[in-house]
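# A structural model of the following input is requested.
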Amino acid sequence: MKNPRILRITFKTFRHWKGTMEYHRTKDILHVMDVLGHRDIKTTLIYTQLVNFEVDDYHSATAKTTEKAEQLVEAGREYVCTTPQEVMLFRKRK
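As a prediction, the model looks like this:
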């Protein structure tokens, strides 16, 4: 592979990656704290600063009727807005 940066990867690098990805997946800092075995929440908070939540992926759906909108909300989707064509937009995190 001849990449000198590979030699700088340590166990701590993988541990940090795991904490970051686990927080990104669950959004639950107490769960990450438990997974990593930290006693102090301040130690675990270090891992949350690396995640960019502005680019979260969503499943989207549309509804033209009140009944369809009700089904989407009951399925856990979040209302976003209504278009000028009277189509309601909903989203749910992937």
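
# Need the per-residue pLDDT for M1.
M1 carries a pLDDT value of 66.

# oh sorry, the question was meant for F53
Looking at F53, its pLDDT is 54.

# Please point out which parts of the helix or strand of the chain with the lowest mean pLDDT sit buried.
When the helices and strands of the chain are scored by mean pLDDT, DSSP states H and E, helix 41-45 comes last with a mean of 81. Going by neighbour count (16 or more other C-beta atoms under 10 Å), the buried part of helix 41-45 is T44. (Each C-beta comes from the backbone N, C-alpha and C, glycine too.)

# how about the helices in the protein?
11-26, 29-36, 41-45, 66-74 (DSSP state H).

# Most tightly packed of the ones you listed?
For those, the largest average neighbour count (mean count of other C-beta atoms under 10 Å) is found in helix 29-36, namely a mean of 16.

# how far off helix 11-26 does that helix point, in degrees?
If you take axes from the mean of the first three to the mean of the last three C-alpha atoms, to 10 degrees, helix 29-36 sits at 150 degrees to helix 11-26.

# Which elements pack onto helix 29-36?
The elements that helix 29-36 packs onto, with contact taken as 3 or more C-beta pairs under 8 Å, 6 or more residues apart in numbering; DSSP states H and E, are helix 11-26, helix 41-45.
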